[in-house]
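Asker: Give me the fold of what follows.
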Amino acid sequence: MTSNEDVSQLPFERAIEELESIVKRLEEGKVPLEESVAIYERGEALKRRCEDLLRQAEARVEKITLDAAGKPTGTTPLDVD
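Answerer: Numbering: from 1, shown residues only. A predicted model of the protein is given here:
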């Protein structure tokens, strides 16, 4: 059940769902060789898409800064290094 949908346009949830489906099919070992290669390649593309989306989300996350009394004073970018 590989989709012809463009991986670069998939939202994270759809990409991870399809990736999990591919992994399950490959683990079962009941997929013909040619199809295994094709879905493995799509799985690699889905994995990269998920990693890119996670990196983008991390870049947008900010941490809350607190004063000495523990009260929020603002936000600063999360150090993603």
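
Asker: what mean pLDDT does the helix or strand harbouring residue 49 have?
Answerer: Assigned by DSSP states H and E, residue 49 belongs to helix 33-60. Averaged across helix 33-60, the pLDDT comes to 93.

Asker: again with stretch 11-21
Answerer: pLDDT averaged over stretch 11-21 gives 97.

Asker: Name the SS class of the spatially closest residue to residue 76 that is not a sequence neighbour, please.
Answerer: Leaving aside its sequence neighbours, residue 76 sits nearest to residue 65 (C-beta to C-beta, 6 or more residues apart in numbering; 5.5 Å). Where you see a C-beta, it was placed from the backbone N, CA and C, and this is true even at glycine. With DSSP: H, G, I helix; E, B strand; the rest coil as the basis, residue 65 sits in strand.

Asker: For residue 65, give its distance to residue 31.
Answerer: From residue 65 across to residue 31, the span is 51 Å (C-beta to C-beta, to the nearest Å).

Asker: the more surrounded of these two?
Answerer: residue 31 (16 against 10; other C-beta atoms under 10 Å).

Asker: that's a strand at the more buried one, yeah?
Answerer: No: checked against three-state DSSP, residue 31 lies outside a strand; its state is coil.

Asker: Who's the closest spatial neighbour of it, skipping the chain neighbours?
Answerer: That would be residue 25: by C-beta to C-beta, 6+ apart, it lies 5.5 Å from residue 31.

Asker: thinking again about what came up before, name the residues of the helix holding residue 49 that come out as buried.
Answerer: Buried residues in helix 33-60, defined by neighbour count with 16 or more other C-beta atoms under 10 Å: 39, 42-43, 46-47, 49-50, 53.
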